[in-house]
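S.K.: Requesting a structural model of the entry that follows:
(4 chains)
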There are 2 protein chains.
Amino acid sequence: MSKHDIQVTCNNCSLDKICFPRGLTREEISNISQVIQAKKTLHRGDCLFRQGDDFRGILAIKSGSAKLVAVDHHGNEHILKILLPGELLGFDGLYDETYQYSAIALETLSFCELPAQSMNDLFQNKPALTRELFRHGSEQIKKDKDFIVLSKRPAEERLAHFLIDLSDRMKRRGFSCSEFTLSLTRQEIGNHLNLAMETVSRLLKKFHQQELIVVNSQCIELKNIPELRAIFAHSE
Amino acid sequence: MSKHDIQVTCNNCSLDKICFPRGLTREEISNISQVIQAKKTLHRGDCLFRQGDDFRGILAIKSGSAKLVAVDHHGNEHILKILLPGELLGFDGLYDETYQYSAIALETLSFCELPAQSMNDLFQNKPALTRELFRHGSEQIKKDKDFIVLSKRPAEERLAHFLIDLSDRMKRRGFSCSEFTLSLTRQEIGNHLNLAMETVSRLLKKFHQQELIVVNSQCIELKNIPELRAIFAHSE
DNA sequence: CGTATTATTGACTCCATTCAAAGATAGTGG
DNA sequence: CCACTATCTTTGAATGGAGTCAATAATACG
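M.R.: As a prediction, this is how the structure comes out:
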């Protein structure tokens, strides 16, 4: 690759409102650009990191999507979250310098990395970046707790929320909010939402009959977003 | 209070292996001691902070216990976690400078505070403390995710885990691991574990019949910790 | 001591799971 | 390109774990 190619840096990244550069000044973005490394591309099934790996740093999805997976002591897998472009992962690895979960590409994916060594440097010299990194961590804490609250709701609401949440997140990233591909099997959707695969299938059919969605294999089209949103927002 | 009274500082705090001072050198502990403020005592039902309050800082329970509560958009309360001495809270407030949940004392309680202003100073001048604060945040992310994984298990395992988890945490704080008071109603335990109050009552009775526990109003005695642990550890 | 809150217990119900079987889809190699 | 296989999805029927409802009992509290 020639030096005249456009470098992948935070300075010219379209995810600057979401990812590492969020909330930073132009100058601060230049600062992190120097330490954040663009990494090579992965394919479906490849791991960004594995549960138990030594902590290398905080990662950010640049393109594609991934799943964060925990394996419990019975060997069962649990899909904790779906990761979209601009989302950070690896905060769980700071605690004991070991990633606590595995991050697995759902499709062709590229990602960037804030290396662990650079973080210590950041803590030393860049308080604004440190503060922003804390805000990213804080956001994850909030999202996890919101997921816990949501998980008490019935199956239909959980699935409706899952679709709307994806839709909202796609929209903020400049993708269509009404049509997107979801590289997950029914099994995986069910695993994530704590539902049997069969329940997911039945509910998707129900939503389809209500003309809320159209499902075409992995492509999901949301036909009536307000009504879908109402399923979990207005439920008594 | 006279100036000759022993000051409450991190230097002489018995929770130094758990709380803010964790992992810090003697000198670093002296540093944080200067910014961490001991606050006045609260009583059952009092709030450490309320959902929506402006972020004041990260708090640490010094004595007593509290519950972290979310109110959803239907007005329903959800007990997200129980907080014991030495545990930090408020990380959720960093994201948008607003506490996302309410922290409510379950009994007479005292707490310390790392004020928000001091945090910026910390980021600037104390990288070791900043790193340690990140580790505390990371730990919370891991705990929340573990709770999500656990919440997929059946009622009996969830309750057994709840009791063992409390027991383990009490032990690390120098309290008895086999006998402790739990200032929660059946309703609240059920709320936290996503169980009906009646189910909690029935399961506690079952554990009692199996001679695993003895319940005396709010006082819980664990008679057979290994067996209780096996309920969620060895389940198929 | 009486009242309000909290806990227990039983009977019944229901949401979601499990089991089972058939159908669709994707991927592979001849 | 089609046949073959593996994987994934759909659908129905039966089951069950935990919830709800309701009535009683125990405890805490002013």
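
S.K.: can you pull out the helices in chain A?
M.R.: Secondary structure of chain A (DSSP state H): helices at A:26-35, A:116-125, A:127-150, A:155-172, A:186-193, A:197-209, A:225-233.

S.K.: With mean pLDDT, mean neighbour count and distance to A:Thr9 added, can I get those helices in JSON lines?
M.R.: For the C-beta atoms, the positions are set from N, CA and C on the backbone; glycine is no exception. Output for the helices of chain A, formatted as JSON lines (pLDDT from 0 to 100; neighbours: other CB atoms under 10 Å in any protein chain shown; distance: least, CB to CB, whole Å):
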{"stretch": "helix A:26-35", "mean pLDDT": "90", "mean neighbour count": "16", "distance to A:Thr9": "4"}
{"stretch": "helix A:116-125", "mean pLDDT": "88", "mean neighbour count": "17", "distance to A:Thr9": "14"}
{"stretch": "helix A:127-150", "mean pLDDT": "95", "mean neighbour count": "20", "distance to A:Thr9": "15"}
{"stretch": "helix A:155-172", "mean pLDDT": "97", "mean neighbour count": "18", "distance to A:Thr9": "21"}
{"stretch": "helix A:186-193", "mean pLDDT": "98", "mean neighbour count": "19", "distance to A:Thr9": "33"}
{"stretch": "helix A:197-209", "mean pLDDT": "98", "mean neighbour count": "16", "distance to A:Thr9": "40"}
{"stretch": "helix A:225-233", "mean pLDDT": "95", "mean neighbour count": "16", "distance to A:Thr9": "35"}
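
S.K.: Could you check those and tell me which one is nearest B:Leu84?
M.R.: Ranking the helices of chain A by their distance to B:Leu84 (criterion: CB to CB) puts helix A:127-150 first, at 18.1 Å.

S.K.: Against which helices or strands is that closest one packed?
M.R.: Secondary-structure packing of helix A:127-150 (3 or more CB pairs under 8 Å, 6 or more residues apart in numbering or on different chains; DSSP states H and E): helix A:26-35, helix A:116-125, helix A:155-172, strand B:66-71, strand B:77-83, helix B:116-125, helix B:127-150.

S.K.: can the helices of chain A go into JSON lines with extra columns for distance to A:Ile79?
M.R.: Shown next, in JSON lines, are the helices of chain A (distance: least, CB to CB, whole Å):
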{"stretch": "helix A:26-35", "distance to A:Ile79": "30"}
{"stretch": "helix A:116-125", "distance to A:Ile79": "26"}
{"stretch": "helix A:127-150", "distance to A:Ile79": "12"}
{"stretch": "helix A:155-172", "distance to A:Ile79": "11"}
{"stretch": "helix A:186-193", "distance to A:Ile79": "4"}
{"stretch": "helix A:197-209", "distance to A:Ile79": "13"}
{"stretch": "helix A:225-233", "distance to A:Ile79": "20"}
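
S.K.: among those helices, which is nearest B:Ser110?
M.R.: Among those, the nearest to B:Ser110 by CB to CB is helix A:127-150 (24.2 Å).

S.K.: quick one, which of the helices of chain A is nearest to B:Leu182?
M.R.: B:Leu182 sits nearest to helix A:127-150 of all the helices of chain A, at 20.1 Å, using CB to CB.

S.K.: related to what we said a few turns ago, would you turn the helices of chain A into a markdown table with distance to DNA strand D?
M.R.: As requested, the helices of chain A are exported to a markdown table (distance: least, CB to the nearest atom of the strand, whole Å):
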| stretch | distance to DNA strand D |
| --- | --- |
| helix A:26-35 | 38 |
| helix A:116-125 | 34 |
| helix A:127-150 | 15 |
| helix A:155-172 | 12 |
| helix A:186-193 | 3 |
| helix A:197-209 | 3 |
| helix A:225-233 | 16 |
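
S.K.: mind checking which of these is nearest A:Cys19?
M.R.: Closest to A:Cys19 of the helices of chain A is helix A:127-150 (CB to CB; 9.0 Å).

S.K.: Next, the angle from that closest one to helix B:127-150.
M.R.: On the basis of axes from the mean of the first three to the mean of the last three CA atoms, to 10 degrees, helix A:127-150 is oriented at 20 degrees to helix B:127-150.

S.K.: circling back: of the helices and strands packed on helix A:127-150, which approaches B:Phe55 most closely?
M.R.: That would be helix B:116-125 among the helices and strands packed on helix A:127-150, by CB to CB, at 5.7 Å.

S.K.: Can you dump the C-alpha atoms of that closest one in CSV for me?
M.R.: Only the C-alpha atoms of helix B:116-125 are listed here, as CSV (Å, rounded to 0.1, in the frame of the first residue of the first chain):
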residue,chain,number,x,y,z
ALA,B,116,-16.8,15.1,40.3
GLN,B,117,-14.4,18.0,40.3
SER,B,118,-11.7,15.9,41.9
MET,B,119,-12.0,13.4,39.2
ASN,B,120,-10.9,15.8,36.5
ASP,B,121,-8.0,16.6,38.7
LEU,B,122,-7.3,12.9,39.1
PHE,B,123,-7.3,12.4,35.4
GLN,B,124,-4.8,15.2,35.1
ASN,B,125,-2.3,14.2,37.8
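
S.K.: Show the secondary-structure elements that it is packed against.
M.R.: Under the contact criterion of 3+ CB pairs under 8 Å, 6+ apart, helix B:116-125 touches helix A:127-150, helix B:26-35, strand B:57-63, helix B:127-150.

S.K.: Could you dump these into CSV with distance to A:Glu113 added?
M.R.: Shown next, in CSV, are the helices and strands packed on helix B:116-125 (distance: least, CB to CB, whole Å):
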stretch, distance to A:Glu113
helix A:127-150, 14
helix B:26-35, 29
strand B:57-63, 28
helix B:127-150, 17
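
S.K.: and stretch A:100-115, which residues are buried?
M.R.: A:100-106, A:109-114 (16 or more other CB atoms under 10 Å in any protein chain shown).

S.K.: Most widely separated two among these?
M.R.: A:Gln100 and A:Ser110 (23.4 Å).

S.K.: which one is the spatially most central residue of chain A nearest to, not counting chain neighbours?
M.R.: Central residue of chain A (CA atoms, centre = their mean): A:Leu83, 1.7 Å from the mean position. What sits nearest to A:Leu83 in space, not counting adjacent residues and going by CB to CB, 6 or more residues apart in numbering or on different chains, is A:Ala66, at 4.4 Å.

S.K.: quick one: the one you found and A:Leu48 touch, right?
M.R.: Yes - contact criterion CB atoms under 8 Å: A:Ala66 and A:Leu48 qualify, at 6.3 Å.

S.K.: can stretch A:16-32 be found next to chain B?
M.R.: No - Stretch A:16-32 is not in contact with chain B by CB under 8 Å from any CB of the partner chain; minimum separation 10.8 Å.

S.K.: Same list (the helices and strands packed on helix B:116-125) but as TSV, adding distance to DNA strand C.
M.R.: Conversion of these to TSV gives the following (distance: least, CB to the nearest atom of the strand, whole Å):
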stretch	distance to DNA strand C
helix A:127-150	12
helix B:26-35	38
strand B:57-63	22
helix B:127-150	15
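
S.K.: nearest to A:Asn120, of those?
M.R.: The minimum distance between A:Asn120 and these falls on helix B:127-150, with 6.5 Å, by CB to CB.

S.K.: how distant is that closest one from the center of its chain?
M.R.: 13 Å (CA atoms, centre = their mean, to the nearest Å).

S.K.: got the angle between it and strand B:57-63?
M.R.: Between the axis of helix B:127-150 and that of strand B:57-63 there is an angle of 70 degrees, by the same axes, to 10 degrees.
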